[in-house]
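In: Provided below are the primary sequence and the corresponding predicted coordinates.
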Amino acid sequence: MAEHFEITDAMRALIGKETPPWTYEVTTTSVRAFARGVGYTDPVYFDVEAARRAGYRNLPAPPTYLGTPVFIPGSSSDTFSTPTAGVPRLDHGLPGLLDGGVETEYLADICAGDALTAVTRLRDLQTRASKALGTMLIATVETTFTNAATGAVVAVQRGQAIYY
C-alpha cells in the first residue's frame, strides 16, 4: 500500500503518447463465438442473411466486441496480443492493479470482414486517496479504432487502470 505517491514529470511526459498501430480482425467465427459466449440470441450475430435483412453488410460485431488483435510471435504481448515494441511504459512502481471500467463510443457499424487499426494513447493521470489502498494512481487511456479499408474512425474506447 502506497502511503505517499506522486506523479513524476517523467510520467506526465507520457500523456498523449501513442502505441504503434495494431490490427484487430473481425471475422464471422469471432462474431459468432463472442455473441454465443455472452448469451446473445439475435440471429443477426449468427446468420449472414438475417444480418443483411437487418441492414448490415455482414454479421455485426456485438456490443463491446471490437475484433481480435492479431497475434505476432515476438512482437505481441502473450497476454493481450497487442504490440510490445514502441509502447510507452508507465513506470510507477505500484504492485496492485484494478480495472476502473471501460466505455465504448460507436461511430459506425463494425461487421465481419472488417480489419480495424487501433492506436492507444495515455489521456490522463490522477491520484486519489483510498483508506483501504493508500494513494492510488488512475491512468485514463483512449483507444481509437479505424476501419483499415475506409479510413473512418468506427469506435473510441476509454478506460481506466487503477494502480495501488
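Out: Okay, I see it. Numbering: from 1, shown residues only.

In: and the longest helix for the chain?
Out: Looking across the chain with DSSP state H, the single longest helix is helix 28-38.

In: show me where the protein has helices.
Out: Counting by DSSP H, the segments of the chain that form helices are 9-12, 28-38, 48-53.

In: put the alpha carbons of the longest helix of the chain into CSV.
Out: The C-alpha coordinates for helix 28-38 follow below in CSV (Å, rounded to 0.1, in the frame of the first residue of the first chain):
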residue,chain,number,x,y,z
THR,A,28,-17.7,-14.4,-38.8
THR,A,29,-16.3,-17.0,-36.5
SER,A,30,-15.2,-14.5,-33.9
VAL,A,31,-18.5,-12.6,-34.0
ARG,A,32,-20.5,-15.8,-33.6
ALA,A,33,-18.2,-17.0,-30.8
PHE,A,34,-18.4,-13.8,-28.9
ALA,A,35,-22.2,-13.5,-29.3
ARG,A,36,-22.6,-17.1,-28.1
GLY,A,37,-20.2,-16.6,-25.2
VAL,A,38,-22.1,-13.6,-23.8
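
In: in it, what counts as buried?
Out: Neighbour-count burial for helix 28-38, counted by 16 or more other C-beta atoms under 10 Å, picks out 28, 30-32, 34-35. In this view, the C-beta of every residue, glycine as well, is placed from N, C-alpha and C.
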